[in-house]
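Peer 1: Let's see this in three dimensions:
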Amino acid sequence: MAERIRRLLSGRFARDTMATQVSLAVSTLFTLGTSVVLWRGLGQEGYGRYALVFALFGLVNILGDLGLGRASVSRMAKARGAGDRAAYVEQVAYLLKMALVISAAVTVLGAALAPALSRLVYAKPEIGPYTRVLFLASVAGAGRTFGVTLLAGMRRMKTLAVYEALLPVLRLAAVGGAIVADLGLWGVVWAQIGATLVVSLAAGVLYRSLARSDEALPGLGELTRLAVRVPWRSTFKVGALLTLDRQLVKVIDLVPIFVLGRLSDSTVPAGYFNLARNVVRHLGLGFSGAAKNLLPFFAELRGKRQIERLRRNYRRTVVGGGAAALVIAACCLPLLRPVLSLLYGDGRAVLAAVAAVLLARFVVDGFCLGVEPLIVITERAWWAAKLKMASLVPGVGLLVGATLLGREWASDPLLGMALGAAGASAAWWMAVSLVQLAGTFRSIGSPGVLLSEGGAEPAAADVSQAAPDD
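Peer 2: The predicted model follows:
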């Protein structure tokens, strides 16, 4: 047993997970610090306005990941696992091209639509000007998108850990400076843009370093020329399909903010919900390192055709993730109120109540830790996307009804609205997640699903030999 544990901890997956875990710990610490600075610096109403602005930005910015993100990570990792250098370089060139093109398109589209969307979604036209300027962060973040996706696809998890931690650190410094200078929400918006731009510029330096150490990568100049010529239509079509599911997850995550912003004259309930949701997300630090490394790990196993090992690791992920989430939730539940009181002061009782409700979703997410990576590598994203699209109308209806009931029945309408939205959103997401979990267990029992391309595109012959375990 001791030897088995030693081998497990010395494997590449364990080493990558530890590196990612350290990065996430740093990122979580600085992100938490940023939320404290924003809550105390902007006040409850100001923080609520901040939540509405960034939610609207997030809605349109979803388009910035179409054809990129996890789809590219899966394809690059699979090409590396199969030893296909041509396919690998083509994916890197495609990633650079589309990161620049899509981010520029999203910036133009978002800036044009922001005023109309703020009136349509919130009936609050004052949100529009902030959101319009914030869309500069999309084009400013093109380099970061390229850098993060490339490192994940290469499984350079230690380097990725350092690179990803850079943005939260710079963001806290920039936002803190804006708050100290009493620049208000406008200062926060420009601070976000500036921090994102600096991290993106660092991606160019990073790539030059990677190209010197990895013979498979061309120089930056050659890569740029390849990016101009690389075909994109078929790859984008399949990549967009694979990332559609992920984008629908983000939409479901944003809907409670939109409902609260629309149904309340005050921005405070949206602020309560946003902050409590982010606090609960931070609790996932205990297993987030493993979650982040699962996609390239699973994709590489599939590229090597080590199907039985893939099945075994997926089952372990379900059991281990669920157990970790249960333990974390049980330990954190009694600590929510005192910790939130220490960090955020005013509104601690409301924040603790909303966070406690959202813990139910957190536990289910633990059991579903490996669901999304498995869906991506088997290219069954269309099935998962159809499930989420089918849930949108009943889910939004549940949210609206619960929010209105909370407003009418609670002694504190603002608390009632936030609690109603939290309960409805948790129930909605848990139902979708459990159906997906059941579906993935069916798929891992089918060799045809794991060995084929999942129907997203014609299956390609895979003649690579199984490689030894990492």
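Peer 1: Toward the C-terminus, what is the element adjacent to the helix or strand where residue 321 lies?
Peer 2: Secondary structure here is read from DSSP states H and E; on that basis residue 321 sits in helix 307-332. Proceeding N to C from helix 307-332, the next assigned helix or strand is helix 336-344, under DSSP H and E.
Peer 1: avg pLDDT for that following helix?
Peer 2: pLDDT averaged over helix 336-344 equals 86, rounded to a whole number.
Peer 1: List the contacts of it.
Peer 2: Residues from elsewhere that reach helix 336-344 (Cβ atoms under 8 Å, 6 or more residues apart in numbering): 32, 36, 39-40, 275, 279, 348-349, 351-352, 355-356. Every C-beta, even on glycine, is put in place using the N, C-alpha and C of the backbone.
Peer 1: by contact count, what packs against the helix holding residue 321?
Peer 2: The criterion is 3 or more Cβ pairs under 8 Å, 6 or more residues apart in numbering; DSSP states H and E, and the helices and strands that helix 307-332 contacts are helix 285-303, helix 348-367, helix 413-444, helix 447-451.
Peer 1: as a whole number, average confidence for the shortest one?
Peer 2: Think helix 447-451. Within the predicted structure, the mean pLDDT of helix 447-451 is 53.
Peer 1: Show me the strands in this protein, by range?
Peer 2: Along the chain, no stretch is classed among the strands by DSSP state E.
Peer 1: check contacts around residue 137.
Peer 2: With contact set as Cβ under 8 Å, 6+ apart, residue 137 has these partners: 57, 192-193, 196.
Peer 1: Could you list the low-pLDDT ranges of the stretch 301-450 of the chain?
Peer 2: Low-confidence segments of the stretch 301-450 of the chain, defined by pLDDT under 70, span residues 346-348, 445-450.
Peer 1: rerun that using 90 as the cut-off
Peer 2: The stretch 301-450 of the chain contains residues with pLDDT under 90 at 301-317, 320-321, 324, 328, 332, 335-353, 369-385, 409-415, 439-450.
Peer 1: Top of the contacts of helix 336-344 by number of neighbours, please.
Peer 2: Using other Cβ atoms under 10 Å as the contact criterion, the top neighbour count among the contacts of helix 336-344 goes to residue 275, which has 28 neighbours.
Peer 1: Tell me which of the helices and strands packed on helix 307-332 sits most buried.
Peer 2: helix 285-303 (a mean of 23; mean count of other Cβ atoms under 10 Å).
Peer 1: before we move on, the earlier item: in TSV, list the helices and strands packed on helix 307-332 along with distance to residue 177.
Peer 2: Written out in TSV, the entries for the helices and strands packed on helix 307-332 read as follows (distance: least, Cβ to Cβ, whole Å):
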stretch	distance to residue 177
helix 285-303	26
helix 348-367	26
helix 413-444	30
helix 447-451	50
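Peer 1: mind checking the longest helix of this protein?
Peer 2: helix 12-61 (DSSP state H).
Peer 1: could you give the angle of that helix to helix 336-344?
Peer 2: 70 degrees (axes from the mean of the first three to the mean of the last three Cα atoms, to 10 degrees).
Peer 1: what packs against helix 12-61?
Peer 2: The elements that helix 12-61 packs onto, with contact taken as 3+ Cβ pairs under 8 Å, 6+ apart, are helix 85-117, helix 127-134, helix 157-180, helix 184-213, helix 233-263, helix 268-282, helix 285-303, helix 336-344.
Peer 1: Quick check: mean pLDDT of that helix?
Peer 2: Mean predicted lDDT for helix 12-61 stands at 84.
Peer 1: what's the distance between it and the middle of its chain?
Peer 2: On the basis of Cα atoms, centre = their mean, to the nearest Å, the separation between the geometric centre of helix 12-61 and that of its chain is 11 Å.
Peer 1: and the angle for it with helix 85-117?
Peer 2: Our comparison of helix 12-61 with helix 85-117, counting by the same axes, to 10 degrees, yields an angle of 40 degrees.
Peer 1: and the gap between the residue lying closest to residue 421 once chain neighbours are set aside and residue 442?
Peer 2: The shortest distance from residue 421 to any non-neighbouring residue, by Cβ to Cβ, 6 or more residues apart in numbering, is to residue 256 (4.4 Å). The span separating residue 256 from residue 442 equals 30 Å under the rule Cβ to Cβ, to the nearest Å.
Peer 1: And residue 381, by the same measure?
Peer 2: Spatial separation of residue 381 from residue 442 under the definition Cβ to Cβ is 16 Å.
Peer 1: quick one on the thing from earlier: give me the buried positions along the helix holding residue 321.
Peer 2: If you call a residue buried by 16 or more other Cβ atoms under 10 Å, then helix 307-332 has these buried ones: 310-311, 313-314, 317-318, 320-322, 324-325, 328-329, 332.
Peer 1: Check stretch 54-61 too.
Peer 2: For stretch 54-61, the buried set under the neighbour-count rule, 16+ other Cβ under 10 Å, comprises 54-57, 59-61.
Peer 1: Tabulate these in CSV, adding columns for distance to residue 116.
Peer 2: Compiled in CSV, the buried residues of stretch 54-61 are given as follows (distance: Cβ to Cβ, whole Å):
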residue, distance to residue 116
54, 18
55, 16
56, 11
57, 14
59, 13
60, 11
61, 16
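Peer 1: Most widely separated two among those?
Peer 2: With Cβ to Cβ as the measure, no two of these lie farther apart than 54 and 60, at 11.4 Å.
Peer 1: start to end distance for stretch 367-378?
Peer 2: From the first residue to the last, stretch 367-378 extends over 19 Å; the measure is Cα to Cα, to the nearest Å.
Peer 1: Could you double-check that residue 172 sits in contact with residue 32?
Peer 2: No. Applying Cβ atoms under 8 Å, one finds residue 172 not in contact with residue 32, separated by 9.3 Å.
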